[in-house]
Each structure stands twice: as structure tokens, then as C-alpha cells.
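Participant: This is a predicted model, with the sequence first.
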Amino acid sequence: MSTAMWFDCPSRQGRTEQLLEWVQAVGRSQSPSSLPLLIFAATGDRRLQLETRLRATVGLTATYQTATPLGFIQQEVELFWPWLRLSQAPNQVVFLPSESEQVLASQVWQGWLNDESLLWPGTVAAASVRRCLDLLLLAGLAGVAIPEIPQRLQAVLPASLPPAIVPALQTWVDWCLAQGLLSYGLAALLYSQDLWPLATYRDRLSQRFSGCYGDDVDEYPALLLPVFQRFQAAGWPWGCTFNPLGRCREGQGADPEAWQAWASAIGGESPAQRSGSVGLSCWQPALQASLETADGLDTAAVWSESPFSSLQTVSRGQLLRQVAETIAQAVENGVIQPQEIAIVGPGIDAIARYTLIQILEKRGIAVRPLAEQRRLPSSALVRSLLTLLAFLQPGLGLHLRREAVAEMLTTLSDGAIDAVRAGLMADVLYLPQREQPQLLAVTAAPRWDRFGDEAIRAYESILDWLHQAQTEPSALGQLEAAAQQFLPRDRLSLADTAHLRRLLEVADHHWQLQAVLGTAPEAAIAGRFYSLVMDGTFAADPFPESQWQPPIAAVTLATLYQYRMLQAQHRWQFWLDIGSPLWERDQPAYYGYAAFLRHPPHPFDPVEAAQTRLLRCLADLLARAGDRIILCHSDLAVSGQEQAGPLLALLNQVPQEALAGKAGC
């Protein structure tokens, strides 16, 4: 087998299986003491899935190390930090997540934001800060220096730029380096501008790994290309899989054209591809023809016996109920299983998510929303722990309300204090104070014996713990001790576990960050943490998947982008809000991303780019559908306006029935 492999094929054509075969073949040709292979996956979830498949591969003898592109870049910069010879930089670095990055950048740039020299036209300060940080990430992933950013942007998207963008970004970079802080954008910039140019680093890379493989490199930034090129030039094993229907992260730093151009230039050998189509991809030419035919008369007959059908209502509320009812009836009649159904649409909003979940769960059908993020204060568990912290740290009493105290008593007593008793206790036993609020002894209440023995014991347990916790000076230690004391780990739901884990992760990072930034009083650090969390700065997934528990039989609910990144397939797909114009804009994209591609289009036409993405998205969805696609449309959107999206031409040609007869390819 050749040591150089390039496998270019669309969705569900065996790309990952091909990569596993390559790794197996390399393992058979290597000695047990060989250096590990470096294997990339596009995202963290895909990396875990790839590792699971690697471990399950029979006869795999090659050693390997898996990574994501951004994770690898961050890891390398941290590992070789002393080699960068950065002036005034500490010996160790603290990673800066995007939420903290936004907050600190706003503080560093406050002067430019006040005089509006860093404001983008038509945006508020927070949006301008986020856009500047996104541009720093795009520039780093493309290997572009900060002074070149304005020129790049104006070449592709002629528009007025904030005059302070270059000095602001340079100031931010210098400030982070002086503090020892590292974000993804800064890591990418340092890797491209400082680390990769070092010959000693490039030599060390070859001494650490014996080969390099990448799954779905259409989702990778161009910054990773030199790594593969080095292994290719040295004649070491390498391989890439490429999905022409993927490219979901093209607007977030990925540069699929650069990877494809490199493969063409070196003539990478590609194994024979599978013949035939998968799923409903054979309908892609007819679908594209229907969209390009304005009146649809030339293609309407084609769809009469197709696997497409439609659900059409006047209001969106009616549509959501009809979608849920159609699914419920099909499941109850044994036509299909919940795990074989996916509801996908552009930008699924909270109303649609809540309505579908509520209706289906009442019918006994579980729903699995993909990558949903809810702010930490939405969890009663998180709110209760922060309320408890307010009794221990000076200055937090200003934020407390009696309702929050009652909720804390109920939540942390594991139900021993019901909501009614908790409310009465908060009314008579909670002493509000700005600096140090207190909970009084239960005997301070008139007729305290009426609370009941169980509630009194639970209340006194909380009170005793508060007195003991006063000896712990660290608010972080108090928070961790409270979680250990009051939360029954064996009975926490996955949602509560996810919120608790996220809260403790955020707290640990917050105190690390404050230790780097200066010696603020503990109470001030705790107050800042309390405000950041309660303001909704941080979020967690309320529907996490656990590797320790088998997946439940549930209907998948996802945006187009989330569903395509999941790389799943289902027998039935419900395309929600088919008349929405957001079908062309669901793929997330940073402002000006085209300026940082290796081969940017000149001139860049956003309309043409959106149409190209739409056709690629539809082809990908077709490949991931097995039997049916149900188009779901309401004449009126949530706002009450009529919908006139790009897919209405298709909607007008398919049968208006919930479950039309199936038609294959």
C-alpha cells in the first residue's frame, strides 16, 4: 500500500472506514517500538467517536495519538512555550475560553470602545469585540499577520473598518502574553508566526510521530497543512479523507479549497470509491432542477411518486403540533422507531424546541436536542449553590431575595423541606444584610415546631454546615465542599450533572485566572464570579450524552449545522420551516471569513456563496435520509410574516399528505 493516500468522497461513502484500514496497514508494517501516528478528527465529539472505533478495530497494532486541529495547535504552543522567547511572558500559561476572552478584551479595549474607534458600523460594543476576536482567530488559522487584516478584508468585502482594529488587536495580544493568557486565536497566531518557522520545532515534530492522518480535512484550517506537507515531503505515511458535501466549518476558519488544491498538486493516490448512491442522494439532480425551475411545471410530475411529502398549515403553532402528531402516530402504529427520526431546520428556536419536546414526551416519545446550550442560572441546582455562597462571602447579600433562599432550602435538602415550609422559613429565619446575610436558628421562629421534625433536621444540617464552612477561606473551596455535602451524586440527572460540572469548571478557571491577573481580595473575586454566572455568561448542555449509559431511543432535534456535524443518518427526516429564508444562512460564518482563505473568490458574492452552501447542504441531507423526507411549512412565520424562502419551489410540487407512499431510488 502506498504511504500517501487521499480519499475524496461524499457523505456515507466509507471515509472513516478507509482511514481505519490505512492505520491498520501502517501498523502491520511497523515495529512495536515505532513512534505513534498523529490522527486528527474535525471536532471533539468526532475525536471521541474515532478513538472508540480505533479501540474496537480488530488487529490494530499501530500506536496513535488523536487530536482536533485547534486542540493540537493549543497543545503545541503550550508545550513549546519556552521556545517562543516571548519578552516579559511568564513561564506558564492559562487557557482563556471564549467567554472570559470576551470579558477581558472588553476591559482592555474600553478606551477605543468609548471613543467608538473600535465599533463596527451598526453594531454595539459587545458585538464589535466579538467580531474583532473572531478576526484574530481567522487570521491565525490562515497564517495572516495582524497588520494585514484590514487589507485582506477590504479586498474581499469593501466596507468601512474601525480605524483602531490593528492597534487594538496588537494591544490585546501583547497584554495576553504579558499575563500568560492563551486563547484559541492567540495560539493560532503564535503557531503560525513564531512556532512553525522554528526549524528545531519542525525537526522535533518528525521525532515524535511516525505518520499523520486526518479524517474530514474539509473541516480543517490551512494552518495545519504544513504539518501534513512535512510528512508527505519526507515520505512518511500520511492520509486524508475529504467530503465535498461537508465543509460545514468553512466560515469558521476551515479552508477546504486549500486542502483540495494541495492534493491535486501532489497527485495523492485515492482508493477506488464505492459505486452507486446512498440514502436518497439519487434525488439530488431532480431537487436541484426543481429549485432552478422558477414555476416548477417542468419537474412537478417527477415528484408525484417520490419519497417526499409535505405538511402545510397556516400558523407555525399548528405546524409544530401537526409534526409532533405525525411522529407520534407513526411510532405508536409501529411504522418507525423514535431513533430513526430526525427533525432538522434552520435556527430552531426555543419555542419550536419546547413545543415539540412537550408534545412528544406526553406521548411517551423521548426527544434528543443536539448541542442545546442553556445558561447556568437556568438550573435550580446552580442557583442554590450560589445562594449558599452568598451566606459565606461578604458583599453578596445585596443580590439575595427571599425566594432564592427558599429555593436553596428545598434544593439542598433533597426535598426534605418542601416549597411551602421553605417559604415560611425564608420569611422568618432569613435575616437580609448587605455584607453578611444570616440564617437564624430554627427556634427563633414563632411556633417553630410546626415545621416538622424532618424539615427541622434538614434546616439545622444546612445551618451547621454554614458555620463550619466559615473556617474555609477560599470561596472555591466552599463551593466544592457544598457540592460534596448536599448533592446526591448517585441520584443527579444527566442535566444536573452537566450543569454542576460546568459550574465547577468555570469556578476553577475563574480563580486560576484571577491568580494570574493580580491579588484581588477573595470577596471581590467571589463577587465577580457570582455576577458572571448569574448574568448568564456561561452555559451548559442540558441534554448531555453519557459514555457510561446506552443512548436512549429518541427523536433527534437539530439545526442544519448541528445535524450535519453529527454525521448521522435516519430513515425519516422532517425538514422544518421549509419556507424560511434561513435555509441559506444556517451555516455559522464569521464576518469576512472569505478574506482569509488561501484562494479567496474575487469578487466575493455572498448571494452566490449562500446558494452554493444550500445545494451542498441539501445534497448532504439527502445522503443521510433513508426512506422519507417530510417538508414542513407554515404560511406565517413566528413573527406573523409570510415566508418566502428558497425551497418553496420544491414544496409546491410534492404531495400534501403526511405519510405518502414510499419511493426509493
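Facilitator: Right, received. Where do you want to start? Keep in mind it's a predicted model, so treat the numbers as computed, not measured.

Participant: need the next SSE after the strand ranked longest in the chain, C-terminal direction.
Facilitator: Longest strand of the chain, by residue count under DSSP state E: strand 625-634. Using DSSP states H and E, the helix or strand that follows strand 625-634 towards the C-terminus is helix 648-651.

Participant: Return the set of residues that bridge with residue 628.
Facilitator: residue 572 (DSSP bridges).

Participant: related to what we said a few turns ago, show me which residues of the longest strand of the chain are buried.
Facilitator: 625, 626, 627, 628, 629, 630, 631, 632, 633, 634 (16 or more other C-beta atoms under 10 Å). Backbone N, C-alpha and C define where each C-beta goes, glycine included.

Participant: Skipping adjacent residues, who's closest to residue 150 in space?
Facilitator: Closest residue to residue 150 apart from its sequence neighbours, by C-beta to C-beta, 6 or more residues apart in numbering: residue 161 at 5.3 Å.

Participant: wait, I meant residue 371
Facilitator: Closest to residue 371 by C-beta to C-beta, 6+ apart is residue 562, at 5.1 Å.

Participant: A strand includes the one you found, no?
Facilitator: No - going by DSSP: H, G, I helix; E, B strand; the rest coil, the assignment for residue 562 is helix, not a strand.

Participant: Let's have the buried residues of strand 625-634 in CSV, adding pLDDT and distance to residue 290.
Facilitator: Conversion of the buried residues of strand 625-634 to CSV gives the following (pLDDT from 0 to 100; distance: C-beta to C-beta, whole Å):
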residue, pLDDT, distance to residue 290
625, 93, 16
626, 90, 21
627, 90, 20
628, 92, 17
629, 93, 13
630, 93, 16
631, 92, 12
632, 92, 17
633, 89, 15
634, 88, 21
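
Participant: Just flag the most distant two among those residues.
Facilitator: Largest separation among these by C-beta to C-beta: 626 and 634, giving 25.9 Å.

Participant: quick one: average confidence on stretch 439-450?
Facilitator: Average pLDDT, stretch 439-450: 89.

Participant: can you pull the contacts of residue 101?
Facilitator: Counting by C-beta atoms under 8 Å, 6 or more residues apart in numbering, residue 101 touches 133, 183, 185.

Participant: Among the residues you listed, name the ones in helices.
Facilitator: 133, 185 (DSSP state H).

Participant: Need the buried ones from the contacts of residue 101 selected in ChimeraX.
Facilitator: Remark: buried members of the contacts of residue 101, expressed as a ChimeraX selection using 16+ other C-beta under 10 Å:
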select :133,183,185
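
Participant: does the residue nearest to residue 150 count as helix, strand or coil?
Facilitator: Assignment for residue 161 (three-state DSSP): coil.

Participant: Now for the nearest residue to residue 261 once chain neighbours are set aside: which residues touch it?
Facilitator: Closest residue to residue 261 apart from its sequence neighbours, by C-beta to C-beta, 6+ apart: residue 599 at 6.6 Å. By C-beta under 8 Å, 6+ apart, the residues touching residue 599 are 257, 258, 261.

Participant: JSON lines for those residues, including secondary structure?
Facilitator: Shown next, in JSON lines, are the contacts of residue 599 (three-state DSSP):
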{"residue": "257", "secondary structure": "helix"}
{"residue": "258", "secondary structure": "helix"}
{"residue": "261", "secondary structure": "helix"}
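
Participant: which of the residues you listed has the most neighbours?
Facilitator: Counting neighbours by other C-beta atoms under 10 Å, the top entry in the contacts of residue 599 is residue 258, with 20 neighbours.

Participant: I figured residue 195 was touching residue 84, is that so?
Facilitator: Yes - judged on C-beta atoms under 8 Å, residue 195 makes contact with residue 84 at a distance of 6.5 Å.

Participant: Give me the more crowded residue out of these two.
Facilitator: residue 195 (19 against 16).

Participant: Settle this for me: residue 150 is touching residue 164, isn't it.
Facilitator: No - Residue 150 lies out of contact with residue 164 (C-beta under 8 Å); the separation is 10.8 Å.

Participant: roughly how far apart are residue 625 and residue 344?
Facilitator: Residue 625 sits at a distance of 10 Å from residue 344 (criterion: C-beta to C-beta, to the nearest Å).

Participant: Please identify every residue contacting each of the two.
Facilitator: By C-beta under 8 Å, 6+ apart, the residues touching both residue 625 and residue 344 are residue 573.

Participant: How about the contacts made by residue 72?
Facilitator: Residue 72 neighbours (C-beta under 8 Å, 6+ apart): 38, 40, 224.

Participant: Could you give the average pLDDT over whichever strand or helix holds it?
Facilitator: Assigned by DSSP H and E, residue 72 belongs to helix 69-79. Confidence for helix 69-79, expressed as mean pLDDT, is 94.

Participant: which neighbours does whichever helix or strand comes after that helix have in its sheet, and in what orientation?
Facilitator: Downstream of helix 69-79, the next assigned helix or strand under DSSP H and E is strand 94-95. Strand 94-95 sits in its sheet next to strand 181-182 (parallel), going by DSSP bridges.

Participant: pLDDT averaged over the strand it pairs with - what is it?
Facilitator: Rounded mean pLDDT across strand 181-182 is 92.

Participant: ok, residues contacting it?
Facilitator: 74, 77, 78, 93, 94, 95, 96, 104, 176, 190, 513, 516.

Participant: Look up how far residue 105 lies from the second one.
Facilitator: In this structure, residue 77 and residue 105 are separated by 19 Å, where distance is defined by C-beta to C-beta.
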